[in-house]
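Fold the following, please.
(4 chains)
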4 protein chains.
Amino acid sequence: MQHFDSDYMEGMHPAILEALVRTNMQKTTGYGLDEYCVAAREAIRKACAAPDAEVHFLVGGTQTNSTVIRALLRPHEGVVAAATGHIAVHESGAIEAGGHKVLTLPHKEGKISAAQVDEYLKWFYADESFEHMVFPAMVYLSLPTEYGTLYSLAELEAMAEVCRMWKLKLFVDGARLGYGLAAAECDVTLADLARLCDVFYIGGTKCGAMFGEAVVMRKGLVPHFFTIVKQQGALLAKGRMLGIQFLTLFTDNLYLDIARHAVEQAARLKRAFIERGYELYFDSPTNQVFVTLNAEQEKRLRAATTFTEWERLADDRLVVRLATSWATKPENVDKLIAEL
Amino acid sequence: MQHFDSDYMEGMHPAILEALVRTNMQKTTGYGLDEYCVAAREAIRKACAAPDAEVHFLVGGTQTNSTVIRALLRPHEGVVAAATGHIAVHESGAIEAGGHKVLTLPHKEGKISAAQVDEYLKWFYADESFEHMVFPAMVYLSLPTEYGTLYSLAELEAMAEVCRMWKLKLFVDGARLGYGLAAAECDVTLADLARLCDVFYIGGTKCGAMFGEAVVMRKGLVPHFFTIVKQQGALLAKGRMLGIQFLTLFTDNLYLDIARHAVEQAARLKRAFIERGYELYFDSPTNQVFVTLNAEQEKRLRAATTFTEWERLADDRLVVRLATSWATKPENVDKLIAEL
Amino acid sequence: MQHFDSDYMEGMHPAILEALVRTNMQKTTGYGLDEYCVAAREAIRKACAAPDAEVHFLVGGTQTNSTVIRALLRPHEGVVAAATGHIAVHESGAIEAGGHKVLTLPHKEGKISAAQVDEYLKWFYADESFEHMVFPAMVYLSLPTEYGTLYSLAELEAMAEVCRMWKLKLFVDGARLGYGLAAAECDVTLADLARLCDVFYIGGTKCGAMFGEAVVMRKGLVPHFFTIVKQQGALLAKGRMLGIQFLTLFTDNLYLDIARHAVEQAARLKRAFIERGYELYFDSPTNQVFVTLNAEQEKRLRAATTFTEWERLADDRLVVRLATSWATKPENVDKLIAEL
Amino acid sequence: MQHFDSDYMEGMHPAILEALVRTNMQKTTGYGLDEYCVAAREAIRKACAAPDAEVHFLVGGTQTNSTVIRALLRPHEGVVAAATGHIAVHESGAIEAGGHKVLTLPHKEGKISAAQVDEYLKWFYADESFEHMVFPAMVYLSLPTEYGTLYSLAELEAMAEVCRMWKLKLFVDGARLGYGLAAAECDVTLADLARLCDVFYIGGTKCGAMFGEAVVMRKGLVPHFFTIVKQQGALLAKGRMLGIQFLTLFTDNLYLDIARHAVEQAARLKRAFIERGYELYFDSPTNQVFVTLNAEQEKRLRAATTFTEWERLADDRLVVRLATSWATKPENVDKLIAEL
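Numbers count the residues shown, from 1 in each chain, chains lettered A, B, ... in the order given. As a prediction, the model looks like this:
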């Protein structure tokens, strides 16, 4: 039996574990003020070609989304997102618990377009009673999306332009960012994100770390973000654990190298599914594979591996998701392919 | 030029004004503990055939929705509503500001059905990751809806049954309740609402009062609701103003009588529109009339009256809403009809 | 039996009632966009010698405090207030419900001083861990205070200066402002408040109106305050009711004239208490009288009038508060004095 | 130069690190549903002699306090705490951000008494206007307190009894619980806490773990606490990291053994301070040592070690705190003693 349920089933990349072992009994100050965090911030600024950016380390994705959004929005403002966006569906109402509405737009393979946002803003300000409604003030994108799809550089630039025009903040959730950047068809870089977004984050939890997300924001965007992080219960006392992890990931290109491995294993899986006559729900270029199963295929796959159930279609076929990660062993992919 | 923009353009029914004049220099205790509030509560309980119900007086509709919902829901819970529901669209995010997500369902002429709610709940609990989502815990209906349409008694009973099954609270926003109850085709009574809902409110602001909404709730539903009302800034210091208004409205059947007048004037308008070849956007049986205007009709109507723009259709026709009220004079309806 | 419980026992000043009667059946637009609100705003700006100030009308005091504070503060910020401040004690946690801590300082007869605030800020920023604490970002004063006492112009100017130095907003709660401005010893004017405060409000509910508070704020202080007011459930649909009331109060000096009457009646009461050998808890120059009663005096006063119990002292004497208002009749004061 | 700033300067106990190394590449399900979490919960229930208790793992202390309190309180309710309580001072307003007031009582060496709480509740319900105030609904204690002091079993039982009488929840913050339980003079056990509290937590971050707090609550106390944890951004994706840590700490008595070591080193320090003529600020029986330094002592101590500045007294002497931990080496204590 194989396991392709998700990309956070193992612990951490061995290089990180090794760094934790090496540094364990050192004494440092807490709350991210230690030398490892300082060095990790510097490494990330360098990787982003953003020498002035602020870098903050938080523990998890929902926490990061929630903290960033409530730090940035004023009370009457909401955040525009795809109806499938993580903040719209799978965060137990964390954004609303912070007082803000998620304003959803229809998605296409998990994505929304600059044109949609532009149209929405036009509609909003044309409405006689817009002052009785929630003001759209931020655009939230996931890169890759919850469907493993990507925004091209041209799409991101168009979105950033629409945001500038309408004075919206642009926020990119990069929980799986590594797997996006490492995809063959991706033409977006960390430097592009730092240049185009007001704030984005580099996911650690799903991309090699034990936990941790690195928020990169325009300098001065949120005064006293540190205190807001603390208020949200998102400030790790032994903050160096985050610094050590991200410093390791951003040394010798580790973050992208291990992500590329995951994407390659997903590509092998995809090809095998197609060759065996399975139907892809749609083509995802990153580390997630979406397959539509008929009854017989479902039975066969259940016998071979664990996975995530995505959606039961009206014709009773089941859409499932398989995810690879930095930790996926090629031989496990081989074994699964053998049983398809 | 006539004015059919909304049902809250005038002050208050003359009988209420007279009562305010008569009682103005009396001294009473504050916060709704005075004798007028006591009598008004009793009159409402009687009208609802609900001798044990709690009655609370608040000032406005958004305030009432927001206070009731945050008083009833726990942190992880949300409220199911039509996508066109007032709380979903026109309350500037008041529900989210209280920490709760509005879970919207597609509407049909402003309504949602028991079957839709049942299906939504089935889908919710069937999802592998429902514990990462917002729990549906309440159904919010408007009666009449924002489109002036009505739920039948059978529809309400079916909804109440689905709510019982899934342990959802049922909350009816009655901002325009009078205009619903007074409609010819309405088979729902106040007693039905008191029997079927956990909580509902009887709108004053739009139905004869200067301001005020009377919340009717199952006894013991929300311990210390008084203090939550105070916390929400919704407790009127000179609370007797609410008592006097509702006592007047619930004496000698005034509330329904003046609502019936509004519905009759709206019916006259509707018939006139149809006779002159206008197209109704849909047929609303209460005090709101929705008309789809072509360019020539739009021009003619703009010259004759003010109204609310509802929606510009893709074919460039304009949907508008005209509202009558307790204060609408038949001669103003005559004048408008003459210019259609 | 007389009634000196509070200053909000009667309805509204007859001139306001007359204006309501006169305008009742007029049709106006809602939400404070009508001509009465426009004129009332202009009258208030003139009275404040503040031609650029923004004026917003809300319904009640707790609502106003809560809305202003959450509109102005960022998530990590709190508001400094006297331990006896209304927001600290008697608003059912409305400020905290909006996410903000009330940072209390010890009071002296209901007041805090510029020196106290300065010292608090010095202490705050000197603390190694201030970034783990709530940032003081606003000073809240009541004028008059909950004890009926006043800040002098020199005290207010000193407070404004400290606020400027430490970048705190200055907010004055004027729920009883009229009774302060009308006091003989008051050297503060509306123009001083408009000049020194970022935001303050002119209380209507306790000073002649049926309800209503007029917020005066520095232009541009809170973008989209209208929408935040709506979100808080604090936007009155028939907004003209607020405009008509404040326009009446700010025509021909009515606001101050009727407040002066209340202060004079309170002064008569105070003198009578002293002459009859009662002990004042402390000397309040406005419309509230605080008296410390021994057992025999308590018995006598209970037979003569209703009042508010303030505090039972350790020696079992009872501190009570009597309040006069614009509506207090001299003959009722006479009757009470006769029974002291 | 030695370092006695805090008890969270090192990584994690070697046994935990070893367990992480051993299990790193295993695949498990996320969110705390894995076998390590299951086993750790069972071990904790056993240590608490509470077979029915619910055990939830969160990441940090502020997060745990904030999540537990907002999960348990209704909107109008607040939490009673010592004025020095962590939630009252050093959590950046996390409790207020969740909508709830912290109702502070004067402390004695960091503690409050059952008698104080009883008196507070009596005062509250005796106040005429208690319905306009925040309802005390929970008592928050820290064990040990922020001053390193302890509640005796008799004190805890008295507090639990007062809570039962007034229907308050009892919540104990055990961020440093190990160092309390391991103190010679402590007569409270985990079983006592499980019996007397509605909810408490066993601190990991400061007591041997890299991070993590184990919440122990009465069964059924908070339906859907899992979802509330998720909403608060407090649900660790790779939840097994918490299970592995707590399973290690609760195997072979490790948690208490390593805490005892810390307390012994603190006792050595305390004795040395006294012998060298230093003055203790007060006597703390756990792992924190509070010393009042004159100018000369301050100079000497600054040369010898880092520490936390606690408070500058009016006479200019400085109160400092030194903390030992599971990781404190006796030779470092020796070195510091040599330089006192």
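
what's in contact with whichever helix in chain A runs longest?
In chain A, with assignment by DSSP state H, the single longest helix is helix A:254-275. Around helix A:254-275, the neighbours that count as contacts under CB atoms under 8 Å, 6 or more residues apart in numbering or on different chains are A:4, A:7, A:13, A:15, A:178-179, A:181-184, A:202, A:207-208, A:248-249, A:280, A:283-289, A:291, A:322-326, A:328, A:330, A:333, A:336-337, A:340. Using the backbone N, CA and C atoms, a C-beta is placed for each residue, glycine as well.

Up against chain D, what does the stretch 1-150 of chain A have?
With CB under 8 Å from any CB of the partner chain as the criterion, the stretch 1-150 of chain A comes near chain D at residues A:3, A:5-6, A:8-12, A:14, A:17, A:20-21, A:23-30, A:59-67, A:91-94, A:97.

Could you count how many residues lie near the residue in the stretch 51-200 of chain A that chain D sits nearest to?
Using CB to the nearest CB, the closest approach of the stretch 51-200 of chain A to chain D is made by A:Gln63 at 2.8 Å. When neighbours are defined as other CB atoms under 10 Å in any protein chain shown, A:Gln63 has 25 of them.

so where does it fall, helix or strand?
Applying DSSP states H and E as the criterion places A:Gln63 in helix A:61-72.

my read: the residue of the stretch 51-200 of chain A closest to chain D touches D:Ala237, true?
No. The pair A:Gln63 and D:Ala237 fails to qualify as a contact (CB atoms under 8 Å) at a distance of 10.3 Å.

Dump stretch A:104-124 to CSV, restricted to CA.
Coordinates of each C-alpha in stretch A:104-124 appear next as CSV, following Å, rounded to 0.1, in the frame of the first residue of the first chain:
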residue,chain,number,x,y,z
THR,A,104,-15.4,35.1,-3.9
LEU,A,105,-15.2,35.1,-7.7
PRO,A,106,-15.9,32.0,-9.9
HIS,A,107,-12.7,30.1,-10.6
LYS,A,108,-11.2,28.4,-13.6
GLU,A,109,-9.1,25.5,-12.6
GLY,A,110,-8.6,27.3,-9.3
LYS,A,111,-7.6,30.6,-10.9
ILE,A,112,-9.2,34.0,-11.2
SER,A,113,-8.2,36.6,-13.8
ALA,A,114,-7.2,40.3,-13.7
ALA,A,115,-10.2,40.9,-16.0
GLN,A,116,-12.6,39.3,-13.5
VAL,A,117,-11.2,41.5,-10.7
ASP,A,118,-11.5,44.6,-12.8
GLU,A,119,-15.0,43.8,-13.7
TYR,A,120,-15.9,43.2,-10.1
LEU,A,121,-14.5,46.5,-9.0
LYS,A,122,-16.3,48.3,-11.8
TRP,A,123,-19.6,46.6,-10.7
PHE,A,124,-18.9,47.5,-7.1
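
do that stretch and chain C meet?
No. Under the criterion of CB under 8 Å from any CB, chain C is not reached by stretch A:104-124; the shortest gap measures 12.1 Å.

hmm, that stretch in reach of chain B?
No. Interface with chain B: stretch A:104-124 contributes nothing (CB under 8 Å from any CB), its closest point being 8.9 Å away.

quick one: the helix holding A:Gln63 to helix D:61-72, angle?
Between the direction of helix A:61-72 and that of helix D:61-72, the angle (axes from the mean of the first three to the mean of the last three CA atoms, to 10 degrees) works out to 90 degrees.
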